[in-house]
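Novice: Output the structure for:
(one chain, ligands or ions: 1)
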Amino acid sequence: MKKASVRRFLAAALALTLSASLCACDSATERDTVKIGVSVYKGDDTFISAMMESFSAAAAAFEEQTGVRVNISIADANESQATQNEQIERFLSLDYDVLCVNLVDRTDAGAIIDRARDADVPVVFFNREPVQEDMLKWDRILYVGSDARESATLEAGIVIGRCEADPKSIDTNGDGIIQYVMLEGERRHQDAIIRTEVSVETLKLAGFEVEKLDGGIANWSRDQAAALTETYLRAYGDRIELIICNNDDMALGAADAVERLGMDFSNIVGIDGTERGLAAVREGRLLGTVVMDLPAHGRAIFEAAYAFATGADPADTLDVLPDRSVRIPMYIGTCESLEIRDKRERKPSDEPYDFIAFADDFA
Ligand code: GAL
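Specialist: Coordinates of the predicted model:
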């Protein structure tokens, strides 16, 4: 496929989603203090903890700008839905104004929504998307996250871009087929399911022949991914031409295994754009990653929570889709695109769209 047509293909496949605006929620009712109770599925998840830092930074910036006190309490559910439900009960009994919930089990939002509705405390879900049936239960709930299809399309775009530039760098044995292994996140997570499927589908739709050598679930974890990859590398050696990972931590784990076995291989792609993931791309240990705009995630979660807490409608300031979700854009991070991006000065007025368009030049 010619470069221009690949670009057109990706652009069409992406159907770009929405930007979160950066406003200071000035339509909301005046308040002295707002109490936000947050529960995360697992406190030591790299991506989630970075998201929480962005969220706290957004709240701190807002406090400084407006003088409103924002009281945030973040609880770690430690992968237990029962623990998360207790944390929700506690926030409700302490009269928190709004809840922000990163579900342990995304199919289990119903009970939380019922309790919150009884107490008339709105909920902003983030990162782990409740099922549609639950999202329809109440109009004072919202989901903030990214579009899993978009991330997978861009992840495949990294590979396509590399093949365009130098086919032999991916198809190392020159048989016209990309032999790959797949490292997947948690079993029932929407991002893991969709990313696994769409990344490969995108490669096929772009005209590449692919062959899955092996794959498995590594639960977003660097250690689990390193262990699995070591097994694959021992079994298939240099027949593996590409390792597709549902997130950066697993991509880093794959790179750890490569290094442990003293191999020279970096055709590994991830998603998230964590600090370590980006460093590994810059060092050439990973081929690329899809960079989530974490500050935009943090701002959108905070903005939605503040609007709800003060009786305003988050849709006044955020692009809320008909399914009650706000989707945060993302961009491609390869050695080349990051280098050029680093040199480009980002103005505060820049919309995340600019960065997608910009990154698309490298697809
Ligand atoms: C995904 C992310 C993973 C992990 C997971 C937790 O979107 O790519 O790294 O954080 O969410 O739900």
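Novice: which stretches of the stretch 1-150 of the chain form helices?
Specialist: 3-14, 46-66, 81-93, 109-119, 132-135, 148-165 (DSSP state H, counting those that start in this stretch).
Novice: show me the contacts for whichever residue of the stretch 101-250 of the chain sits closest to the ligand.
Specialist: Residue nearest to the ligand within the stretch 101-250 of the chain (Cβ to the nearest ligand atom): residue 247, separated by 3.4 Å. From N, CA and C alone the C-beta is placed, and that goes for glycine too. Residue 247 is in contact with 47, 185, 191, 220, 270, 271, 272, counting by Cβ atoms under 8 Å, 6 or more residues apart in numbering.
Novice: on that earlier part again, would you single out the least confident of the helices of the stretch 1-150 of the chain?
Specialist: Of all the helices of the stretch 1-150 of the chain, the minimum mean pLDDT falls on helix 3-14 (a mean of 43).
Novice: give me the low-pLDDT residue ranges for the chain?
Specialist: The chain contains residues with pLDDT under 70 at 1-30, 343-363.
Novice: can you list the residues of it near the ligand?
Specialist: Within the chain, the positions adjacent to the ligand are 45, 47-48, 127-128, 185, 189, 191, 220, 247, 249, 271-272 by Cβ under 6 Å from any ligand atom.
Novice: can you pull the alpha-carbon coordinates of stretch 245-252 into PDB?
Specialist: The C-alpha coordinates for stretch 245-252 follow below in PDB (Å, rounded to 0.1, in the frame of the first residue of the first chain):
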ATOM      1  CA  CYS A 245       0.800  -5.500  23.500                       C
ATOM      2  CA  ASN A 246      -2.400  -4.100  24.800                       C
ATOM      3  CA  ASN A 247      -0.500  -1.600  27.000                       C
ATOM      4  CA  ASP A 248       2.900  -0.100  27.700                       C
ATOM      5  CA  ASP A 249       3.700  -2.100  30.900                       C
ATOM      6  CA  MET A 250       3.300  -5.300  29.000                       C
ATOM      7  CA  ALA A 251       5.400  -3.900  26.100                       C
ATOM      8  CA  LEU A 252       8.100  -3.100  28.700                       C
END
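Novice: quick one on the thing from earlier: which of the contacts of residue 247 fall within strands?
Specialist: Among the contacts of residue 247, the members falling in strands (DSSP state E) are 270, 271, 272.
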